[in-house]
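Peer 1: Sequence and predicted structure are below.
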Amino acid sequence: MSLRDKPMKKYLMSIVLFFWVVIPFPVFAGVPLDTVKMHVDKVLDVLRDPSLKAESSKKLKRDKIRAIAETMFDFTELSKRTLAQNWSTFSPEQQKEFIGLYKSLLEDTYADKIMMYTDEKILFTKEVPLTEKTVEVQSTVIRKTDEIPMNYRVIQKEGAWVVYDVVVEGVSLINNYRSQFREILVNKPPESLLETLRKKVGKA
Amino acid sequence: MKRICRLILIVMLVSYPTVLQAQAFDEPDTTVHAFPVPAHSVAELLDLPRPSSLSDAPVKGEAPIIIVAQAIAGEEIPSRELAPSVEKEAPEEGEEEVPLIADPLAPINKAMYHVNDKLYFWLLKPVTQVYSHTVPEPFRVVFSNAFDNLWAPSRIVNNLLQLRFKAAGNEFIRFIFNTIAGIGGLGDVATPALGIKKQEADFGQTLGHYGAGHGFYLVLPLFGPSSLRDGVGLAADRFMYPLSYISSSNLTFGEAAGIFAGEKVNDASFHIGEYESFKESAIDPYVAMRDAFVQYRQKKVEDSKKPPE
């Protein structure tokens, strides 16, 4: 009832105003989308660069994409969220090794995949807030006979928006790997998962 | 406020005496406090006993609550009868809840997965490679449109069943327009000319729309990952496929199989390399495929509850 009081209302309003003016907004509409779009455009530029078209420059191309991925993704966040409650069962050294191996796995498999992309159009449609810190940037890959919704989940870290999950046609990358890793971790120690990963990325 | 509601809900659930062994939760408050649970896992808690995908898991009735509650309390999950993907955990903040599926037929499914894998590498892929070298892409796009147009009746019916009248209307207009102006659906003229996009809908999705769970995971020969629900859906959609009716009177079995194979091969010609890179990226392709199927279908069901674009 006190809210109906005029002075009280005024007081509340001034508080709201105070926060509005003094506290800078941590989230600016459009920044997450622009960040993701910038990175994706950079990748597309590399893919379409005529000077890199030759088969011999494949490695250079891959290195360039890898460098972009490095700033675009937060592999630590990605690893933590993939392992979820299993993360804490890893020792700090194991965690560090896991991040490295998981990163190589994703880079190896997805760099090849993305290098097949040539004339697909990518439309960035909108961004949807997920939590206070995370946003989903939605895009559509337009191909010859179909369209694929591809969403990037980003989190703000040290002022920058970094990707921690990619959701393709409703399939979340980290959820998909979590279900596979959990299968291993359910009755084997973290070391055994690391061993599997080492073999997979050829660092055994 | 949200936190308090959350806490009350969890305490209510945890102290529910007929469901839980009391001794495991001497101090429910502290246990809950020590383990931050995001709001949606509470929703999961409340959802679990409902007839959903879990109800067909070997453990029935109240059991899922016990499992979840113990998982929350950070204890060992005792049951090994559940498929590993059914085990619950509290996801970190901002994560989607992980969709679940029971897999009691895992040995058969795994065998069928390998059969399909071999079918792809030994049959579908080589045939498709020859096909896509022989038939230029513009023709393949035309065939793809024509095959797709034949599925329009099924999309219309399913959109209607989901009470998505606008989507059903759009599909109806597309079907008529593409069949006539696109000459039997050879060209998808409705998308550029009328600005009407395809409105995907299938019977498995319709069943999910009304709350039916998957039942259990099923790997079908040729069709790949499916479930009891979606397998039924696949059969139902076949009933709405025009060629199913022509085939009984005018087409021989061989011709009908030829059309089916043609659709498969034509479709595959746009996706060569995708299965390979999926396999390459997976640690356990069987589990990866099962999880991707569940997530993909979950999205389809969620989409069916949203208004059309």
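Peer 2: Looks like it arrived, so ask away. These figures come from a predicted structure and were not determined experimentally.

Peer 1: drop to CA atoms for contacts and neighbour counts, all remaining ones
Peer 2: Will do.

Peer 1: Leaving out sequence neighbours, find the closest residue to the residue in the stretch 101-250 of chain B positioned nearest to chain A.
Peer 2: Nearest residue of the stretch 101-250 of chain B to chain A: residue B:141, at 6.6 Å (C-alpha to the nearest C-alpha). If the residues on either side of it in the chain are set aside, residue B:141 comes closest to residue A:145, at 6.6 Å by C-alpha to C-alpha, 6 or more residues apart in numbering or on different chains.

Peer 1: And the strands in the chain?
Peer 2: If you meant another chain, say so; for now it's chain A. A:121-129, A:134-142, A:147-157, A:160-168, A:171-172 (DSSP state E).

Peer 1: could you do chain B instead?
Peer 2: B:217-220, B:224-227.

Peer 1: I'd like the ones you listed laid out as JSON lines, including distance to chain A.
Peer 2: Shown next, in JSON lines, are these (distance: least, C-alpha to the nearest C-alpha, whole Å):
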{"stretch": "strand B:217-220", "distance to chain A": "15"}
{"stretch": "strand B:224-227", "distance to chain A": "14"}
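
Peer 1: To residue B:156, which of these lies closest?
Peer 2: When the strands of chain B are ranked by proximity to residue B:156, the top entry is strand B:224-227, at 22.1 Å, counting by C-alpha to C-alpha.

Peer 1: helices or strands next to the closest one in the packing?
Peer 2: The contact analysis (3 or more C-alpha pairs under 8 Å, 6 or more residues apart in numbering or on different chains; DSSP states H and E) places strand B:224-227 against strand B:217-220, helix B:285-304.

Peer 1: So what touches it?
Peer 2: Here strand B:224-227 makes contact (C-alpha atoms under 8 Å, 6 or more residues apart in numbering or on different chains) with B:113, B:116, B:214, B:215, B:216, B:217, B:218, B:219, B:220, B:289, B:290, B:293.

Peer 1: Please name the residues that touch the nearest residue to residue A:141 once chain neighbours are set aside.
Peer 2: Leaving aside its chain neighbours, residue A:141 sits nearest to residue A:122 (4.6 Å; criterion: C-alpha to C-alpha, 6+ apart). Applying C-alpha under 8 Å, 6+ apart, we find residue A:122 in contact with A:139, A:140, A:141, A:142.

Peer 1: what's the neighbour count on the third one?
Peer 2: Neighbourhood size, residue A:141 [other C-alpha atoms under 10 Å in any protein chain shown]: 15.

Peer 1: I'd say it and residue A:123 touch.
Peer 2: Yes. The criterion here is C-alpha atoms under 8 Å, and residue A:141 meets it with residue A:123 at 6.5 Å.

Peer 1: ok so, going back, can I get the strands of chain A in TSV including mean pLDDT?
Peer 2: Converted to TSV, those look like this (pLDDT from 0 to 100):
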stretch	mean pLDDT
strand A:121-129	90
strand A:134-142	93
strand A:147-157	92
strand A:160-168	93
strand A:171-172	93
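
Peer 1: Go through these and name the closest to residue A:87.
Peer 2: That would be strand A:160-168 among these, by C-alpha to C-alpha, at 15.4 Å.

Peer 1: Pull out the buried positions in that closest one.
Peer 2: By neighbour count on 16 or more other C-alpha atoms under 10 Å in any protein chain shown, the buried set for strand A:160-168 is A:161, A:162, A:163, A:164, A:165, A:166, A:167, A:168.
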